[in-house]
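Trainee: what shape does this take:
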Amino acid sequence: SLIGIGMWLYSRRLKEVNVWIQRTSQQEIHSFNTIRDLLDGFKEVKLNDDRSRDLMRDIIESAEVLRSMKISTADMFALNYIMAYSVFYITIAAVLFLLPRLVSFHEEDKIRIMMTVLFIIGPLGLVISGLQALAKSNVAVHNIMLLEQRLDRFTQAMRNGAGRVSPVSQAFDEIQMEGL
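Mentor: Numbering: from 1, shown residues only. The predicted structure is shown next:
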């Protein structure tokens with residue numbers, strides 16, 4: 001029952017970690033977009049000091065928030081992992097020290113019970129590690145789906161004629177300036 005309680009607590013905390021993974025992913029996208037803004041408007045940023053300062057402030061702020069969020073998410077993963085393994089070791093201690101005081105066992109049965117608990121803990125540890133990887137991969141799949149939707153909208157807009165520039169005649173004979 002200790003292992004069941006530990007797994008329940010782990011899965012409950014994993015939901016909170018998943019929310020933080022999603023938020024961190026969104027912040028990564030935001031940080032990437034601020035850098036893309038810098039690259040897209042490089043000439044404007046180079047010529048306009050105010051715009052340059054604003055954009056650099058946004059990039060630095062976005063990077064600091066992202067760093068903080070990544071650290072918090074990694075800490076949550078680590079704490080969750082430690083909590084799960086603590087429950088495993090408490091279970092081992094309970095089987096080794098507490099159970100023999102409550103129920104009388106032969107030494108052979110005590111060893112069998114201990115080995116059973118140890119053999120259960122190994123695969124559960126793999127499940128815990130796998131759940132963390134699964135949580136991260138679910139966020140990655142979600143982001144890929146969002147990117148596909150964005151690309152589909154872009155492709156549809158291009159088919160509908162958005163983004164096309166009307167052809168301008170390259171040859172002209174004179175330029176007139178009126179009302180100067």
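Trainee: and the helices in the chain, which stretches?
Mentor: For the chain, the helices identified by DSSP state H occupy 2-40, 42-47, 49-93, 99-102, 107-159, in order along the chain.
Trainee: want to try JSON lines for these, with mean neighbour count and distance to Glu178 as columns?
Mentor: No exception for glycine: its C-beta is placed from N, CA and C like everyone else's. What follows is those, written out as JSON lines (neighbours: other CB atoms under 10 Å; distance: least, CB to CB, whole Å):
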{"stretch": "helix 2-40", "mean neighbour count": "15", "distance to Glu178": "34"}
{"stretch": "helix 42-47", "mean neighbour count": "12", "distance to Glu178": "28"}
{"stretch": "helix 49-93", "mean neighbour count": "15", "distance to Glu178": "32"}
{"stretch": "helix 99-102", "mean neighbour count": "11", "distance to Glu178": "98"}
{"stretch": "helix 107-159", "mean neighbour count": "12", "distance to Glu178": "36"}
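Trainee: what's the least confident stretch among those helices?
Mentor: Mean pLDDT values for the helices of the chain show the minimum at helix 42-47, a mean of 70.
Trainee: what's in contact with stretch 70-88?
Mentor: Residues external to stretch 70-88 that are found in contact with it (CB atoms under 8 Å, 6 or more residues apart in numbering): 2-3, 5-7, 9-10, 13-14, 16-17, 20-21, 24, 121, 124-125, 128-129, 132.
Trainee: and the gap between the residue nearest the centre of the chain and Lys15?
Mentor: The C-alpha lying nearest the average C-alpha coordinate of the chain belongs to Ile21 (CA atoms, centre = their mean; 3.2 Å). Between Ile21 and Lys15 the distance, using CB to CB, to the nearest Å, works out to 11 Å.
Trainee: again with Phe97
Mentor: Here Phe97 is placed at a distance of 33 Å from Lys15 (CB to CB).
Trainee: with Arg53 instead?
Mentor: 41 Å.
Trainee: Gln149 too?
Mentor: Computed as CB to CB, the Gln149 to Lys15 distance reads 25 Å.
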